[in-house]
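# Quick one, fold the following:
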Amino acid sequence: MTPASPLTGTTGAVRDGRDMRWEAHRTQRRRQLVEAALRAIRRHGAGVGMDEIAAEAATSKTVLYRHLGDRAGLYRAVVAAVDETILADLSQAGSGGGDVVERIGQMVRSYLGLVERDPEIYRFVVTRPLETPEGDAGDPVHRITDRIADQLTDALRDHLRGVGADADLLAPVWAHGIVGMVRNVSDTWLASRADGRPHLGADEVTGAVVALIRPALSRPDAIPAPAQPTAPSGGRR
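From the prediction side, this is the model:
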């Protein structure tokens, strides 16, 4: 009988099991390193260095690079972790009761809550200390804001359809506009808090944003009518 190949049969199954266990180990280790990076950012601020992150993880920079690739890889891993937290919080906030404006207000308050609880994490993400400039292809921050806008688009679409607006065209426009406004407001609000300047509380900021968008969403006559087909040029008169 021909002996089994070392790459097939029982031996192959053992090797596959080892590969799966090693992959699980790497995934767990990567998660641990990202959690250590988050702790280091909170401790040392958004300008934290790789040495400080390695010290927080009780390991070496070589290990960080092995599991996360490079400094940009670390940044992307941290952003991905923050992304998951933000989207989960916003999804829960947006599923609450009330009309569409109240649900959007709950999502805005949830976002501001993250900024309030973790200001250094927020600064680390939006200032890209280890990553490419804003607007670069594949920008992780843009991916976060796009996914937040997608959630808002879903919330707005049903409402706009109910009042006869062109929901498919208008909902993403308003969603991205709200996200951009809230992000800029958050940046200014965070800077005011850090500098000790007079500033509103998170609830008051949320109320101001809601007060700005409620009139448009509450009055059907304030919503642009669906676009009319454009007549082709050069046709019959």
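
# Specify the local secondary structure of the nearest residue to Glu56 once chain neighbours are set aside.
Counting by CB to CB, 6 or more residues apart in numbering, Ala40 is the residue found nearest to Glu56 once chain neighbours are left out, at 3.9 Å. The way it works is simple: take the backbone N, C-alpha and C, and place the C-beta from them, glycine included. Assigned with DSSP: H, G, I helix; E, B strand; the rest coil, Ala40 falls in the helix class.

# Look at Ala40 and say how many residues are nearby.
Counted with other CB atoms under 10 Å, residues neighbouring Ala40 total 22.

# Model confidence for it, exactly?
At Ala40 the predicted local distance difference test score is 95.

# Might one say that it is in contact with Glu52?
Yes. Checked against CB atoms under 8 Å, the pair Ala40 and Glu52 is within contact range at 5.1 Å.

# How about the contacts made by the residue nearest to Glu56?
By CB atoms under 8 Å, 6 or more residues apart in numbering, the residues touching Ala40 are Val48, Glu52, Ile53, Ala55, Glu56, Ala57.

# Nearest to Leu170 among those?
For the contacts of Ala40, the minimum distance to Leu170 (CB to CB) is 41.6 Å, reached by Val48.

# mind checking how far the closest one is from Pro140?
17 Å (CB to CB, to the nearest Å).

# same check, this time on Ala57
Following CB to CB, the distance that separates Ala57 from Pro140 is 21 Å.

# what do you get for Gln151?
Where Pro140 is concerned, Gln151 sits at a distance of 17 Å (CB to CB).

# what's the answer for Arg26, then?
From Arg26 over to Pro140 (counting by CB to CB), the distance is 21 Å.

# okay, the two: which has more neighbours?
In this view Arg26 and Pro140 are compared by other CB under 10 Å, and Pro140 has more residues nearby, 20 against 12.

# If we ignore the residues flanking it in sequence, what's nearest the more buried one?
Val79 (4.1 Å).

# roughly how far is the strand or helix carrying that neighbour from the heart of the chain?
Element membership for Val79, per DSSP states H and E: helix 71-94. For helix 71-94, the gap between its own C-alpha mean and the chain's C-alpha mean amounts to 5 Å (CA atoms, centre = their mean, to the nearest Å).

# Between helix 71-94 and the helix or strand following that helix, find me the angle.
Where DSSP H and E defines the elements, the next helix or strand beyond helix 71-94 is helix 100-117. Inter-element angle recorded for helix 100-117 and helix 71-94: 140 degrees (by axes from the mean of the first three to the mean of the last three CA atoms, to 10 degrees).

# Which positions in the following helix or strand past helix 100-117 come out as buried?
Scanning forward in sequence from helix 100-117, with DSSP H and E defining helices and strands, the next element found is helix 119-127. Buried residues in helix 119-127, counted by 16 or more other CB atoms under 10 Å: Pro119, Glu120, Ile121, Tyr122, Arg123, Phe124, Val125, Val126.

# Quick check: mean pLDDT of helix 119-127?
Per-residue pLDDT values over helix 119-127 give a mean of 89.

# tell me how far stretch 151-170 is from the chain's mean position?
Taking the mean of its C-alpha atoms, stretch 151-170 sits 22 Å from the chain's own mean (CA atoms, centre = their mean).

# Give the buried residues for it.
By neighbour count, and taking 16+ other CB under 10 Å as the criterion, the buried residues in stretch 151-170 are Gln151, Leu152, Thr153, Ala155, Leu156, Arg157, His159, Leu160, Ala165, Ala167, Leu170.

# biggest separation within the residues you listed, which pair?
Gln151 and Ala165 (19.0 Å).

# my guess is the residue nearest to Pro140 contacts His142, does it?
No. With contact defined as CB under 8 Å, Val79 and His142 do not form a contacting pair (10.5 Å).
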